[in-house]
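Q: when you get a sec, could you give me coordinates for this:
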Amino acid sequence: MSLARVEIHAEESIASVMIDGKDVSMEISEVVYRHKAGEIPTLTVTYLVQEAEIQAVGSVVVKKPRGSIDDLFGRGKETSV
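A: Next comes the predicted model:
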């Protein structure tokens, strides 16, 4: 995995965001920069999307906490979808 080069320039309420040399400022609505001690910094970018197609294959395991209303009806066990 290669790491991206990011530049953020902000002045008052206006900011520009460059990712790997491409200006994405007009394509995004939010940028969250996080740098925890001892970890690689991360950047979460929210893109504006008009249309998206998502295809997924797999299964999901849903666990409901004990004491939920479903336990009263015997439905508080793991469920595969």
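Q: contacts, neighbours, all on C-alpha from now
A: OK.
Q: element containing the spatially most central residue of the chain, please.
A: The residue lying closest to the centre of the chain (C-alpha atoms, centre = their mean) is residue 44, at 6.6 Å. Taking DSSP states H and E as the definition, one finds residue 44 inside strand 42-47.
Q: mean confidence for that strand?
A: Mean per-residue pLDDT for strand 42-47: 92.
Q: check stretch 8-28 too.
A: The average pLDDT within stretch 8-28 is 93.
Q: mind checking the end-to-end distance for it?
A: 13 Å (C-alpha to C-alpha, to the nearest Å).
Q: do the same with stretch 22-37
A: 28 Å.
Q: need the contact partners of it.
A: By C-alpha atoms under 8 Å, 6 or more residues apart in numbering, the residues outside stretch 22-37 that reach it are 15, 16, 17, 18, 41, 42, 43, 44, 45, 46, 47, 48.
Q: quick one on the thing from earlier: the residue nearest to the centre of the chain and residue 9: what is the separation?
A: On the measure of C-alpha to C-alpha, residue 44 and residue 9 end up 16 Å apart.
Q: hmm, back to that, partners of the helix or strand following the strand holding residue 44 in the sheet?
A: Of the helices and strands lying after strand 42-47 in sequence (DSSP H and E), the nearest is strand 61-62. Paired neighbours of strand 61-62 in the sheet (DSSP bridges): strand 79-80 (antiparallel).
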